[in-house]
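> Fold the following and give me the result.
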Amino acid sequence: MHHVELLLDPDTDAAVRDQWRLLDEAGLPSQAQHRSTSNRPHVTLAMTKDWPVVGARQDVLAPLAVLPLPVRLGAPVVFGRDPYVLARLVVATGALLALHRDLVHRLPPLASDLLVPDRWTPHVTLGRRLAGGQVAEALALLAQAPEREAALDRARHWDSDARLDEPLDG
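The predicted structure follows:
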């Protein structure tokens, strides 16, 4: 699968990694447990089975030229059913929603309905596969981590099949 991901400014990246560590130290599922160098806090914009050929990428990725985008890293949010995904909401702005819509319309078809414009919930994942009984403990731990102003300052293409981490400059 081909993912287009927005990356956080360095201070916010460090703050999210602190939250990963806090969860991990409490024995809760956390992204800190994924040791790959490609694992980093991000907001997924799109996921597709196909990727544009080199000559077409400039036009397809043109919407990324608006980066950096100021955003607010908001409250914790829980997705799914047992097991759950724990994340921090990225408060959607008009500019972020426009970037998402423009990019998605230029890419090959999305591989997930959750990424379709008007259904997409921008977020940064903190932990996956939390059991129902772990959610309250995780939320209590995260109560110490305030909401914060942030910037989505760059993008990457992550090819999960080829394990390719490619910076995108729009």
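
> quick one, helices of this protein?
10-25, 54-60, 94-106, 132-142 (DSSP state H).

> ok, the residue lying farthest from the centre of the chain - contacts?
Largest separation from the mean C-alpha position in the chain: residue 55, at 26.7 Å (CA atoms, centre = their mean). Applying CB atoms under 8 Å, 6 or more residues apart in numbering to residue 55 gives no contacts. (C-beta placed from N, C-alpha, C; glycine too.)

> Would you mind saying which of the helices of the chain lies nearest residue 162?
Set against residue 162 and scored by CB to CB, the helices of the chain come closest in helix 54-60, at 14.9 Å.

> Would you mark the buried spots in the helix or strand of the chain with the lowest mean pLDDT?
Comparing helices and strands within the chain by mean pLDDT, DSSP states H and E singles out helix 54-60 as the least confident, with a mean of 86. Using 16 or more other CB atoms under 10 Å as the test for burial, helix 54-60 gives residue 60.

> How far does it sit from its chain's centre?
23 Å (CA atoms, centre = their mean, to the nearest Å).

> got any ranges where the protein has weak pLDDT?
For the chain, applying pLDDT under 70 flags the ranges 170.

> For residue 45, give its distance to residue 5.
Residue 45 is 7 Å from residue 5, where distance means CB to CB, to the nearest Å.

> Common neighbours of those two, please.
residue 155.

> And the strands in the chain?
2-8, 42-48, 69-80, 84-91, 123-130, 148-159, 164-168 (DSSP state E).

> Out of these, the one nearest residue 16 is which?
Per CB to CB, nearest to residue 16 of those: strand 123-130, 5.7 Å.
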